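Engineer: fold the following for me, if possible:
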Amino acid sequence: MSARAQYSDIIPATGLTVVVPHDNPTLDVVFVHGFTGHPERTWRNSRGDLKRSEGDDNEASEPQRKYRRLMPFTMAHQDKDSAHSAVFWPRDLLPVTLPHARVLTYGYDTHIRHWTGQPISRNTIRDIAWDFLVALEAEHRMNPERPLLFIVHSLGGIIVKEMLRRSGGCRQGQSYLRSVFESTKGIMFFGTPHNGADPRGMLQHVAELVVEAVGFKVNKQIVNSLLPSSERLRELRDEFGPLALEQQWVIHSFQEQLGVKSLSGRKVVEDVSSYLNLPTIETTEHIGRNHMDMCRFSRPGDIEYKKVDAALRRMTANLPESGGSIPKSSFTSEQRQQLRDSLGFDQIDARHMAIKSAHAKTCKWLKNKDEYLDWLSPSKFPDHHGFLWIKGKPGTGKSTLMKFALTQARRSMKDWVILSFFFNARGENLEKTTAGMYRSLLLQLLKSIPGLDAIFDSLRLTVWPQDGQMQWSVESLKDLFQLALQSLGQSQVVCFVDALDECDEDQVRDMVSFFEHMGELANASNIQFQVCFSSRHYPYITITHGLELVLEGQEGHDKDIANYVDTELKIGHSKVAEDIRAELQAKASSVFMWVVLVVDILNREYDRGRIHALRKRLREIPASLHDLFRDMLTRDGRDRDELILCIQWVLFAKRPLRPEELYFAVLAGTDPESSTSWDRELTTLDTIHRFILDSSKGLAETTNSTRAPVVQFIHESVRDFLLKDNGLSKIWPDVGDRFHGRSHERLKECCMKYTFDAIGALQLPMPPKDVKDATELRNQTQMSLPFLKYAARSVLYHADEAESGGVSQGPFLLSFPLQRWISIDNFFEQYEIRHHTSEASLLYILAEMNLACLIKAHFPTSSPLEASGARYESPFFAALATGSTDAFLALAELHLSQITDSSGPFERLCQIYLRTPNQVPKVSRRFCLSETSWVKLAKQNEVEVAPLLLALGKLSPADINETDTRGWTAIYHAVDHGNEVAVELLLSLENIQPDDRYDQGRTPLSRAAEKGDDAIVKLLLRTGKVDPNAGDSSRWTPMWWAAVGGHEAVVKLLLSTGKVDPDFNSSQGHTPLWWAARKGHEAVAKLLLGTGNVNPDRKDSEGRTPLSQAAMDGRESIVKLLLGTGNVDPDSKDIMGWTPLRWAERNGHVAIVKLLQDAGVSLG
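Structural biologist: Below is the predicted model:
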C-alpha cells in the first residue's frame, strides 16, 4: 500500500484526530486546514525540498488520485519513492520543537472542490466552527486548564477565530464550552485573510482563488452558501482583535512570499490582509513559498521550518502561565491506572458475594413500599436529599434485602451508575472500615465513567510512592469522592451501603455526615446522587434529611418469612406440618437468620424419619438467636478441641483465613503428626469445606468470592454471642476468663509449629532477582505450603496479643530464631527495599510491626536509638517511618526508663509525645535518616519530624535556607502544601529567610495569598520579615493574587499592615480592583474601595476600566457597586472604542445594559 493510502487510513478526512499522543502533556497543539484542505495532506510535504517550489496543491488533487486508481501498477514506483520523502511535520518535526505537546489535527469537508455527485454543503463557517468547538471541548474536557495552541492555514484561520469567539461567549447552560477560550494561549496563522472593508467579498475572493489555484472550477453557489453574511463577518473582524488583546494571546502571522503560476504569479492572500494589525501581541513574518506550500516542510533543517521552530519556541516559552502559578499534579495514564488499581483490595466484593440471593418469593414487597418509591421519585429529592435508611434487628435479613434492592437497581436503573459496599465485621480491616468503603466506591465509579480518573491530578503528590502503592487516607479518599461527584456531569449515581453497624461507630458517624454533605451538594447542584443505607437500630445516628424503613412489623417482611418456611421446610403439608409452620413463624420474631437455621434443623430431623418428633424438637429449640447458637455447639459433643481451635482461628486470626489455610492451621494444633504440605489429590477443596463445616458445627462458612474465598461466621451475631455474650465460657467454664490471651497463645504455637516444621523439610532459597521468577517461586511455595506465609508473618503478632491478654512471652522471645525468621519473611516480601538485613535486631522488627506489648514487657535494657545496618537505622525511626505509633510510644517510654537525666531536648520531646500521642510526627515509608534535609522534609510534607531530628543532632538550623533544584526552600514548600504547623515551626528558627524570591520573583507570602491561606499569611506577616507589597516579575503583588482568588480574609490581613498599595498595577495595568471586578468578587471589591486609596476608574493597558471589565464579564453586582461610588465614567472607551454598555450588550448581559442605561448611558 502506498504511503499516501496509509496516511489516509490513519487520519480521517473529518473530525478531530490525535496525531501525537502524550502521557503527560503540558500543551495541546491543534492544526486546522483551509477550505480545500485535508487534516493530513495540507501539512505534508511529499515532494522533497520545497524551497523553490511553486507547484500545484496536492491537497485536493482528485484528478491525480483518480488517474492512479486507473493505472495502479505504473504508479507504484512513484508511491514507493513518495513514502521515503513524505514529511508530515505535525508528527515528524513538531515533537522535536515541542517535546511536551500533544498534537491534534481537525478536518472538515466544505465540498467546495468536488466536481460532481456531491451534495451542496448547507454548513456555513459558523456551523463548522461550532462543531469544531464541541469536538475540541470533549477531547480537552479531562484537563480543561491545559494550554491550547492553534496552527491554522488559510481560511482555516477564520474557522478558529469564529470558534474562539463563540467559545468566549458561552455562558450559563453552555459555560463548559468557554474552557476552550480560556485555555487558548496563542495562534499561528499561515496565509489567513483578516482585513478588508468588505470582509465577505474578500473571503469569497480568496476562496475562489484557492480553488482555481489547485486546478478546479469554482462553484460559486457552494462558496456563497459557505460564507456567513457580511454583517456576521464584520462582527468577527471587529470583535476578534479586542478578544485577543483581552486574553493576551500570542499571535504569529506567516505571510506567503511567492505567487502562484496558475494565478499569473499573483498571491492568494496579499500582505495587507494576512495580519491582524495587533502589534502588542502579534509578530508577522514571510515564508518563502506560495500559499499552498507555505505550511509544508521537508526536514528539521528546512530554512523555512527554522522560522516556524523559532516562533513556536517563543510562543510557548512562558508556559505554564507567567507569575509562577504552580500547576496541579498531572499523572501519566500509567500512573493514573496504578492509582486506580491501588484502590482495590482482595476481599472488596467478599461480603456481597457471601450474602445469599433473596428467595424467589421474598423481598418483592420492597418495590411497592411508599418509602422506597419516594426515594426513587425525583420530585421528592429536595425532601430526602437522596437518603433511604433500612433498619432492623440482628438477623432480620437486612443484607439480603439490600442485595435484592441492588439487583433491582441494576435491572431497572439502566442509565444510572450503580455503586455498592457491604461492610463485613468478620472480614479484613478494609472490609470493616470506611477507608475500604471509600476505596471500593471510588474504584467502581472510576471504572464506570471513562476519563474520571483525572480527579487524581488533584492529589498534589510531590514524590511518587517507591513501590507504586498509595497509602490512602480517609480524608484524601473523601476529597476524591467529592471531586468525582462534582465532575459527574449528566451521569446519575446511586450507592447501596449495607451493615453500617459492622463498622466502628465513630467512623460511621463521620461517613454519614460526609454523605449528608454530599446530599446537600447534590441537591444544590442538581446532581443525581442517591444513597441507601442499612443497619441495626443501634447505634442511632440522626440525619437531617432522609427516609427510614423499619423491617420489624412490615407486612411484606413477615410474609417473606411465611413464604420461605412454606417453600423450604420440606415436611409435607399435613395438618401437623401446617401447625409446625405456623408455630415456627410465630416463634421467629421477624428474625430471618433464626428461621433459616431452624428450617435446616427440622429438615434434617424429617430426613432421619423423625416426623413424630418435629413438634417436640421445635419447642426445644431456643427462641433467642444466641441460645440457638449455644444449642448448636453443645448438642454434638464430638471433637471439642477441634471445635474450640477452629472458633479461635475464625475469631482471632490477624485476617480472615482462606479455607486451605484454616485447614492446616487447625491440624497444626490438633494433629501433631499431620503433614505441612498440601496433597491436592488426597485433600480436595471439597474435603476441606466439609472439614470446616464439621469443625465449626455449622457456625462457619466459606465465602463465595471468586478472587479469594475466606472462612467466616455465618452471621455477625455468632461473633456477638461468642465475645459479647461470653458464649464459650458459659458452655465450657474450663476455657477460662483469659480467653483472649490464651487463644492467641495457642494460635502462636500453631504458627511456630507449622513454620519450623515446614522449613525443616524445605530449604527455602532467597527469591531470584528477576521479579517474574521470584513471584513464580513464591506462588509455588504457597501452593504447596498454604499456611506458611500467614504463620511466619503473624507469629509475632499473636505473641504480642497473648502478652496483652496476660500470657507472658519472655521464654518465647529468648528462644526466638530471629535469623531463620528474617530469611522466611524476606522470601515472602515482594519489594526488595523492605527486606530486613541480618543486622536487624528483634527490637527493630517489633518496632516496625508495631508490637508495643512485647517491647514494653521484655526489652528493659535495649536501646531504641541503637543504630544498625537496617533500613531505618534504629528501632525508634523504624516505628516512626512505618506509622507504628504504639511501638514508637513504647520505645519513648523505654528510653526514659533507661536514663537518669530527662531534661534533654530529646527526652522532653518523648515526654510530650507520651502525654499527647496525637503530636507524634508522621513520616512516610520513604523517610531516610541519612538523606534528611530541611528542603526534603518540607517537600515531602514531613517538617513535623524536624524537632526530633534537631534534638538528636540529625538536622542543623544553619541549613534552613538551603534550596532544591528548583530553587525552592523549605518555607516555600511548606507554604505550597498549606501546612500551617510546618510553617509555624520553620518561622520559629532564628535565621529563617521567609521573604526569599522563587519562580518569577514569587515569595512565600505571594503563594499563600494565591492559595487563600489566611492562617499562613498571618504567620508570615507576624514575623515582620516579609514585604507585603513585593511584586513578582509581572508586578503581581500578594494583594493582587488575593484579589484574583477572591480571598477576602487575606485581603483584610494585607490591608491591616498599612504597607500595601491597594491600587498597585501589574505589567498589563491590572489593579487588584480590576481583577476583583473581572472575577466578580464583590466582598473584595468593597474592601478595596473602602480604603479610599484606589481609583475605581483606572484604565489598564487596553484602556479598559474595572467597570468595563465587569460589564464585559456579566458581573452585575460589581457594576452596581462601581456605579454607586459616583467616581466612574460609565461611558469610558477602551482603545478599540468600546464602552461598558457596548460590551454588556454584545455579551448579552441584559441586566447590566439596563443598569448602565439607568445611569444615563446610551449607545449613541
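Engineer: tell me where the stretch 1-150 of the chain has helices.
Structural biologist: Using DSSP state H, counting those that start in this stretch, the helices found in the stretch 1-150 of the chain span residues 3-10, 62-70, 76-85, 89-92, 94-97, 125-140.
Engineer: lowest-confidence stretch among these?
Structural biologist: Ranked by mean pLDDT, those bottom out at helix 62-70, with a mean of 34.
Engineer: C-terminal to the longest helix anywhere in the chain, what's the next element?
Structural biologist: Longest helix in the chain, counting residues (DSSP state H): helix 739-761. Counting by DSSP states H and E, the element after helix 739-761 in chain order, helix or strand, is helix 771-784.
Engineer: next SSE after that following helix?
Structural biologist: helix 788-804.
Engineer: per-residue confidence averaged over the next helix or strand after that following helix?
Structural biologist: Of the helices and strands lying after helix 788-804 in sequence (DSSP H and E), the nearest is helix 810-814. Averaged over helix 810-814, pLDDT sits at 94.
Engineer: by contact count, what packs against helix 810-814?
Structural biologist: For helix 810-814, the elements it packs on are helix 852-858, judged by 3 or more CB pairs under 8 Å, 6 or more residues apart in numbering; DSSP states H and E. The C-beta positions use only the backbone N, C-alpha and C, and glycine is treated the same way.
Engineer: touching the helix it packs on from outside, list them.
Structural biologist: Residues from elsewhere that reach helix 852-858, judged by CB atoms under 8 Å, 6 or more residues apart in numbering: 796, 799-801, 803-804, 808-810, 813, 843, 846-847, 884, 886-887, 889-891, 893-894.
Engineer: could you flag which of those are buried?
Structural biologist: The neighbour-count test (16 or more other CB atoms under 10 Å) marks 796, 799-801, 803-804, 809, 813, 843, 846-847, 884, 886-887, 889-891, 893-894 as buried among those.
Engineer: on that earlier part again, list the buried residues for the longest helix of the chain?
Structural biologist: Buried, per 16+ other CB under 10 Å, within helix 739-761: 739-759.
Engineer: which helices and strands does the helix or strand harbouring residue 558 pack with?
Structural biologist: According to DSSP H and E, residue 558 maps onto helix 555-568. Secondary-structure packing of helix 555-568 (3+ CB pairs under 8 Å, 6+ apart): helix 575-588, helix 592-607.
Engineer: the domain parsing of the chain - what is it?
Structural biologist: 3-315, 333-552, 558-621, 846-924 (automatic domain parsing).
Engineer: so which residue is dead centre in the protein?
Structural biologist: With distances taken as CA atoms, centre = their mean, the chain has residue 456 as the residue nearest its mean C-alpha position (2.9 Å).
Engineer: contacting residues for the nearest residue to it once chain neighbours are set aside?
Structural biologist: With sequence-adjacent residues excluded and distances taken as CB to CB, 6 or more residues apart in numbering, residue 456 is closest to residue 339, at 4.9 Å. By CB under 8 Å, 6+ apart, the residues touching residue 339 are 331, 453, 456, 459, 470.
Engineer: for the nearest residue to residue 426 once chain neighbours are set aside, report the pLDDT, please.
Structural biologist: The shortest distance from residue 426 to any non-neighbouring residue, by CB to CB, 6+ apart, is to residue 712 (3.9 Å). As predicted, residue 712 sits at a pLDDT of 90.
Engineer: then residue 657?
Structural biologist: So, for residue 657, pLDDT stands at 95.
Engineer: distance of it from residue 188?
Structural biologist: Separation of residue 657 from residue 188 (CB to CB, to the nearest Å): 65 Å.
Engineer: repeat for residue 993
Structural biologist: 43 Å.
Engineer: name the residue in the two with the higher neighbour count.
Structural biologist: residue 188 (24 against 12; other CB atoms under 10 Å).
Engineer: do I have it right that that one meets residue 252?
Structural biologist: Yes - between residue 188 and residue 252 a contact is recorded at 4.9 Å, counting by CB atoms under 8 Å.
Engineer: joint contacts of these two?
Structural biologist: Contacts common to residue 188 and residue 252, judged by CB under 8 Å, 6+ apart, are 311, 315.
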